[in-house]
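Enquirer: Predicted coordinates and the sequence they were generated for:
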2 protein chains.
Amino acid sequence: MRDPEATLRQHDLPVTAQRIAVLRAVSGHPHATADDLAESVREDIGTISRQSVYNVLNVLTDKGIIRRIQPADSPARYEDRIGDNHHHLVCRACGKTEDVCCAVGEAPCLKAHSHHGFKIDEAEVIYWGTCPACQKKKRS
Amino acid sequence: MRDPEATLRQHDLPVTAQRIAVLRAVSGHPHATADDLAESVREDIGTISRQSVYNVLNVLTDKGIIRRIQPADSPARYEDRIGDNHHHLVCRACGKTEDVCCAVGEAPCLKAHSHHGFKIDEAEVIYWGTCPACQKKKRS
DNA sequence: CATTCTTTTTGACAAAGTCCAAAACTCGGT
DNA sequence: ACCGAGTTTTGGACTTTGTCAAAAAGAATG
């Protein structure tokens, strides 16, 4: 995120210290949970309420400024990288999340299944596995 | 599910009325939530505790007899159909879930991304959209 | 049938998030 | 620079989904 303040103004959002700090936190800690982000923000500007973190994250998500990902058995995580159609690789053991470029180009299967009458707007892919650290732990 | 009782025995699970009823409920109500299933089971055998529903669902999931799917913003849902590599189509508005055959054959991208050092064991795909009923509701 | 081991039940608890009303702040006009 | 209107932020209570633990009840083996 180049300039959090400018980003907020571009979207007609009042600029507050909390919003700037949350944006910076999301930018600096990809795939962090709301709690992690609250912690970062507190280190940054001293204090913020839990509710405000949720408010800000919800507004930013609604406006499409950040993306929320919600793997099973994990609290929601947030990221900065949007619009590049990448997917995620999640460790079953520790929740570590990594980005994976979409190998197949632009949202491959979006149109293939337009039966059922659903209007599909996103194809979400999550690769489940075990991260290197947890593989090591399990062996020992 | 042909014969719930036989299925339980095959997996060395003691046969109880609750387990049989939960299996039947999952079979008869694909993509139902734990609460929905508890309700079905109660209509079937009269009464069951909330905890037992969770116990049974967890055991059955661990044994691979049923599958748990956990879309964002929705409680876990359970289904009977396993081992045929199908994916899901979820309505953002009402949570309605449908099966979608995997168009691309056997777990297409599983090997493509074996970098990162992760040991990947599953590629989960969820198509997000709006079901016909909710499209109609939104328009009116 | 009786014993043993597993399940079921009951009730408390935990995590993640939302709802609500009051206080504080931002923005735009003057 | 200030004021007023409308948003945000805060703090606290609450909801939902699910788990933990101990006691009571049930299934399976000999």
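Expert: It's in.

Enquirer: Which positions in stretch A:30-44 come out as buried?
Expert: In terms of neighbour count (16 or more other Cβ atoms under 10 Å in any protein chain shown), stretch A:30-44 has its buried residues at A:31, A:32, A:34, A:36, A:37, A:38, A:39, A:40, A:41. All C-beta atoms are positioned from the backbone trio N, CA, C, and that covers glycine.

Enquirer: check whether that stretch contacts DNA strand C.
Expert: Yes. Applying Cβ under 7 Å from any atom of the strand, one finds that stretch A:30-44 is in contact with DNA strand C at A:33, A:34, A:35.

Enquirer: what does that stretch rub up against?
Expert: Under the criterion Cβ atoms under 8 Å, 6 or more residues apart in numbering or on different chains, residues A:18, A:21-22, A:24-26, A:28-29, A:48, A:50, A:53-54, A:57, A:69, A:74-81, A:88, A:97-99 lie in contact with stretch A:30-44.

Enquirer: got it, and stretch A:88-104?
Expert: Outside of stretch A:88-104, the residues that reach it under the criterion Cβ under 8 Å, 6+ apart are A:30-31, A:69, A:71, A:73-74, A:77, A:79, A:81, A:85-87, A:108, A:125-131, A:133-134, A:137-138, B:108-109, B:112-113, B:116, B:118, B:120-121.

Enquirer: Show me the beta-bridge partners of residue A:125.
Expert: Taking DSSP bridges, one obtains residue B:125 as the residues bridged to residue A:125.

Enquirer: got the residues of chain A near chain B?
Expert: A:68-70, A:72-73, A:76, A:89, A:91-92, A:98, A:100, A:103-104, A:108-110, A:112-113, A:116-132, A:135 (Cβ under 8 Å from any Cβ of the partner chain).

Enquirer: So what does the nearest residue to residue A:19 once chain neighbours are set aside have for phi and psi?
Expert: Residue nearest to residue A:19 in three dimensions, not counting chain neighbours: residue A:56, with 5.2 Å by Cβ to Cβ, 6 or more residues apart in numbering or on different chains. Taking degrees, to the nearest 10, you get phi -60, psi -50 for the backbone angles of residue A:56.

Enquirer: Pull out the buried residues from the contacts of stretch A:88-104.
Expert: Buried positions within those, assessed by neighbour count (16+ other Cβ under 10 Å), are A:31, A:69, A:71, A:74, A:77, A:79, A:85, A:87, A:108, A:125-131, A:134, B:108-109, B:113, B:116, B:118, B:120.
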